[in-house]
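> requesting a structural model of the entry that follows:
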Amino acid sequence: MKSFLIVAILLMNGLFVTAQQKEDWAGFLHYEEANKTAPKGSVIFMGNSITEGWVNTHPNFFSDNHYLGRGISGQTSMQMLVRFRRDVVDLQPKAVVILAGTNDIAQNTGYIALDNILGDMISMVELAQTNHIKVILCSVLPAYEFGWRKELKPADDIIRLNQLIKDYAAQHKIPYVDYHSTLKDARNGLSEQYAKDGVHPTPEGYDVMEKLVKPVIDRVVKVKK
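Below is the predicted model of the structure:
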């Protein structure tokens, strides 16, 4: 009987570990194959579904400019931080563009204070700078509500988080791209023109973002005309 219990416990532990491995909470497996052949010296866009959707919607913007997208749908800043070494540092890019915070405010991995979201972003910045990677920080895009968390009212929290990011960027002389001011509507959300679901940009929304971020990247990496 005792032997049976030991075997049962071992089997349960094995299943638990296997389940954890399959879950891949931080998303290490998402770009594992792509990272093996990724060119060095690119500019990497680190983010969530907004970044992942950007690559899928406007692939030429990335391929023509030697940019790499490393967005994973649903991810919070803490998940991005955990995979930051694998998906950014190890690829030795010239610069990284960090867009994070939407899913933190949506509480995808539970409640997190705005200061702690900023802390995750600061840790990404410090990890990049320690490895001689230039950093560009971005505002969180406006959102009046989240379709998957309609009970939340995120607009004001997004504005407060953006102010924290902007202040930190200014204090440390880090370029900051303000998508929010240009994209916001009267409710501090995204209009249907820029996001059908109020969160994920349309092609027109990405057009606006590209016009804002590309000149900043060009200055940071000193692109020759």
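
> domains in this protein, by residue range?
1-29, 31-221 (automatic domain parsing).

> export those domains as TSV, with columns for mean neighbour count and mean pLDDT.
Using the backbone N, CA and C atoms, a C-beta is placed for each residue, glycine as well. Shown next, in TSV, are those (neighbours: other Cβ atoms under 10 Å; pLDDT from 0 to 100):
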stretch	mean neighbour count	mean pLDDT
domain 1-29	10	55
domain 31-221	18	97
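
> contacting residues for Thr51?
45, 69-71, 99 (Cβ atoms under 8 Å, 6 or more residues apart in numbering).

> kindly apply the preceding question to Gln193 instead.
202, 204-205.

> check which helix or strand it maps to.
Counting by DSSP states H and E, no helix or strand carries Gln193.

> would you mind measuring from it to Asn103?
Noted for Gln193: a distance of 23 Å to Asn103, by Cβ to Cβ, to the nearest Å.

> switch the contacts of Gln193 over to JSON lines; also include distance to His30 and secondary structure.
Formatted as JSON lines, these follow (distance: Cβ to Cβ, whole Å; DSSP: H, G, I helix; E, B strand; the rest coil):
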{"residue": "Thr202", "distance to His30": "24", "secondary structure": "coil"}
{"residue": "Glu204", "distance to His30": "27", "secondary structure": "helix"}
{"residue": "Gly205", "distance to His30": "23", "secondary structure": "helix"}
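
> nearest to Asp120, of these?
Gly205 (24.8 Å; Cβ to Cβ).
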